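Kindly generate the corresponding structure for this input.
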Amino acid sequence: MAQSNGVTAIRDVAITAYTSGFATVSETRPIRLEAGRNQVALPGLPSSIHSDTLRCRIAGEGGIRALGVDVPSFGLSANVLLAAAVGRAVWLAPLDRTLTDPMPGVLVAAPEEADEDRGYRERSQRPMAVVELADGTLHMAAPERISLQAWPERLPRQRQPSVRIASPGPYSGDMEVRYLTDGLSWSIAYNVELAPDGSTCRLSGVASISNETDTSFADATLHLVAGEVEAPENRGSRSPLHMRESIAYGPPSDGCEPTEVGDCYLYTVPEPMTLPAGATVQATLFGSDAVPVSRSYTVDPRGDLRRRWNADYRPGDGWDTVTTCPVRGYVAFRNAAPHLGLPLPGGQALVDAVSASGAATYVGVCPVEPKSAGEWLRLDLGGAFDLAATHRRTEFRRSGKQRTDERFVVTLRNSRPVAATVTIFERMCAGGGIEEPSHPCRSIDSSTVAFDVEVPAHGELDVTYRIVTVR
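Numbering: from 1, shown residues only. Below you'll find the predicted structure:
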């Protein structure tokens with residue numbers, strides 16, 4: 001069988017990355033075949049490859065057949081290294097800690113690989129290697145005491161798959177190689193810059209593609225799948241390598257139109273990019289300079305009421321009579337044309353506020369759920385500094401064991417020079433209802449109502465109501 005590494009250059013690399021931590025890779029490799037059976041090596045594949053997904057194809061050539069793919073199983077461990085180094089010069093660390101210089105010797109025997117996974121209660125029960133020193137004495141030593149002077153020649157540094165091909169005659173052409181590998185994934189971050197007047201924002205979606213494999217991919221076409229796709233089980237013997245952390249910024253994109261693929265969407269980065277081993281590259285997928293936004297504020301004084309309610313809870317017994325409540329601020333915008341209207345993958349949003357002078361200040365980060373076209377995105381910016389609220393119970397009556405009557409007042413204070421619209425959420429136990437509200441309210445669910453009120457500039461507002469609970 002003719003042997004050939006078969007590779008002079010790898011081109012047309014295409015990577016389809018998923019958020020689940022894996023990717024499919026396709027590439028074109030030039031090969032040279034002789035008549036008969038050929039064993040074509042495939043160097044440069046990542047060690048985290050799923051060996052059962054490796055496929056090779058030669059298109060348009062009659063009579064050439066791929067007979068099979070050989071992927072050697074190679075799990076690197078201390079015992080594997082020692083077994084390959086038997087008969088070679090080694091260094092042996094002395095047991096006496098007062099001696100610092102290692103002793104030269106020759107490795108005579110190594111512990112069996114099968115013994116490595118066994119459990120031993122005593123250290124003396126561990127399998128030992130045997131080292132012959134220069135004076136002819138034999139020493140039994142644990143693997144961690146032995147240092148190799150060089151990499152064993154008969155042990156490959158990386159497994160090298162190969163494909164068996166039968167050819168009716170000499171052939172020089174291309175072969176397509178496809179496989180699935182762990183260690184390649186992507187995520188998205190939304191950069192949001194709020195305009196000084198707060199009416200619009202600049203939005204961009206930046207994809208981060210991480211390559212945690214031990215292989216670099218040059219000039220690769222990147223396809224990014226947005227959606228939940230289950231990662232297949234890797235039946236190979238190697239896991240992805242977690243290497244150095246570095247950032248390489250890719251060229252910005254003018255925007256790319258996603259393509260629907262099954263129940264997912266596929267984003268294609270317009271320009272080829274290089275993914276160095278152990279690095280993360282970034283590319284802008286889309287953006288808009290003037291997305292209309294709306295600001296809103298909420299108060300949820302008893303947001304944990306239902307979590308702390310139990311059979312012994314008696315609403316309004318005085319232990320939570322007065323509560324100072326934070327007012328949270330939100331920014332919302334609609335994922336709709338002409339500014340957006342794209343399927344937006346789940347990720348996180350980094351929000352900056354731009355001042356009148358043009359300086360941007362970071363104001364918060366919040367998670368983003370996947371949003372289809374036409375849906376609203378609501379970003380939580382945290383507490384509003386110039387808005388405050390107090391939730392007070394002013395009256396409580398009990399009628400027998402089945403009925404309670406409570407009266408509440410929520411006081412909102414606004415220190416800003418403009419009016420602010422605030423939504424108050426009020427939670428009730430099962431059997432509760434709102435009566436005599438001072439402002440209109442709307443039902444959110446069977447135990448929650450909301451008041452939408454406007455607090456005047458440099459002023460305050462009281463919202464009063466009764467909660468009658470019948471059990």
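
what's the spacing between the closest residue to residue 291 other than its chain neighbours and residue 212?
Spatial nearest neighbour of residue 291, chain neighbours left out: residue 339 (4.6 Å); criterion: C-beta to C-beta, 6 or more residues apart in numbering. For glycine as for every other residue, the C-beta is placed from the backbone atoms N, C-alpha and C. Going from residue 339 to residue 212 by C-beta to C-beta, to the nearest Å gives 35 Å.

cool, and residue 78?
Distance from residue 78 to residue 212, by C-beta to C-beta: 23 Å.

so how many other residues sit close to residue 357?
6 (other C-beta atoms under 10 Å).

follow-up on the earlier one: looking at residue 339 and residue 212, which one has more neighbours?
For residue 339 and residue 212, the more surrounded residue by other C-beta under 10 Å is residue 212, and the numbers stand at 21 against 18.

My understanding was that the more buried one contacts residue 278; is that so?
Yes: shown here, residue 212 and residue 278 form a contact pair, counting by C-beta atoms under 8 Å, at 6.6 Å.

Could you say which helix or strand holds residue 392?
strand 387-399 (DSSP states H and E).

in that strand, what's buried?
Across strand 387-399, burial judged by 16 or more other C-beta atoms under 10 Å covers 387-393, 396.

Just give me the longest helix of the chain.
Counting by DSSP state H, the longest helix found in the chain is helix 78-84.

Spatially nearest residue to residue 341 (excluding sequence neighbours)?
Residue 341 sits nearest to residue 373 (C-beta to C-beta, 6+ apart), 4.8 Å away.

Quickly note the distance from that neighbour to residue 225.
Note on residue 373: its distance to residue 225, by C-beta to C-beta, is 18 Å.

between the two, which one's more packed in?
residue 225 (22 against 13).

tell me the phi and psi of the more buried one?
phi -90, psi 120 (degrees, to the nearest 10).

so what does whichever strand or helix holds residue 421 touch, helix or strand wise?
In this structure, residue 421 sits in strand 420-427 according to DSSP H and E. Strand 420-427 sits against strand 294-299, strand 387-399, strand 403-414, strand 448-455, strand 459-470, with contacts defined as 3 or more C-beta pairs under 8 Å, 6 or more residues apart in numbering; DSSP states H and E.

and the fourth one with strand 420-427, angle?
Strand 448-455 and strand 420-427 are oriented at 160 degrees to each other (axes from the mean of the first three to the mean of the last three C-alpha atoms, to 10 degrees).

gap between strand 448-455 and the chain center?
Relative to its parent chain, strand 448-455 has a centroid offset of 37 Å by C-alpha atoms, centre = their mean, to the nearest Å.

ok, residue 373 - contacts?
Contact partners of residue 373, counting by C-beta atoms under 8 Å, 6 or more residues apart in numbering, are 335-337, 340-343.

Drop anything exposed from the residues you listed.
The buried subset of the contacts of residue 373 - by 16+ other C-beta under 10 Å - is 335, 340, 342-343.

and the end-to-end length of stretch 127-142?
Using C-alpha to C-alpha, to the nearest Å, the end-to-end distance of stretch 127-142 comes out at 7 Å.

tell me which residues of that stretch are tucked away?
Neighbour count says stretch 127-142 has 127-132, 139, 141 buried, by 16+ other C-beta under 10 Å.

Could I get the contacting residues of residue 162?
By C-beta under 8 Å, 6+ apart, the contact list for residue 162 reads 39-42, 69-70.

Which PyMOL command selects the buried ones in these?
To isolate the buried members of the contacts of residue 162 in PyMOL, using 16+ other C-beta under 10 Å:
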select buried, resi 39+40+42+69
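
can you put the contacts of residue 162 in TSV and add distance to residue 458 and pLDDT?
Formatted as TSV, the contacts of residue 162 follow (distance: C-beta to C-beta, whole Å; pLDDT from 0 to 100):
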residue	distance to residue 458	pLDDT
39	83	87
40	79	87
41	78	85
42	73	86
69	75	78
70	79	77
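
So which of the contacts of residue 162 belong to strands?
Here DSSP state E is the test, and these give 39-41, 69-70 as lying in strands.

just curious, which of these is nearest to residue 106?
residue 41 (32.7 Å; C-beta to C-beta).

if I look at the closest one, how far off is residue 214?
For residue 41, the distance to residue 214 - C-beta to C-beta - is 17 Å.

Likewise for residue 423?
Residue 423 is 52 Å from residue 214, by C-beta to C-beta.

For residue 20, which three-state class applies?
The three-state assignment at residue 20 reads coil, by DSSP: H, G, I helix; E, B strand; the rest coil.

Before we move on, what's the pLDDT of the nearest residue to residue 280 once chain neighbours are set aside?
What sits nearest to residue 280 in space, not counting adjacent residues and going by C-beta to C-beta, 6+ apart, is residue 210, at 4.7 Å. Note on residue 210: pLDDT of 92.

Distance-wise, check residue 290 relative to residue 197.
12 Å.

of those two, who's got more company?
Using other C-beta under 10 Å as the criterion, residue 290 and residue 197 rank with residue 290 on top: 13 against 8.

Regarding the more buried one, which helix or strand does it belong to?
Residue-wise, residue 290 maps onto strand 280-292 under DSSP H and E.

just checking, what packs against that strand?
Secondary-structure packing of strand 280-292 (3+ C-beta pairs under 8 Å, 6+ apart): strand 200-211, strand 247-249, strand 273-275, strand 328-334.
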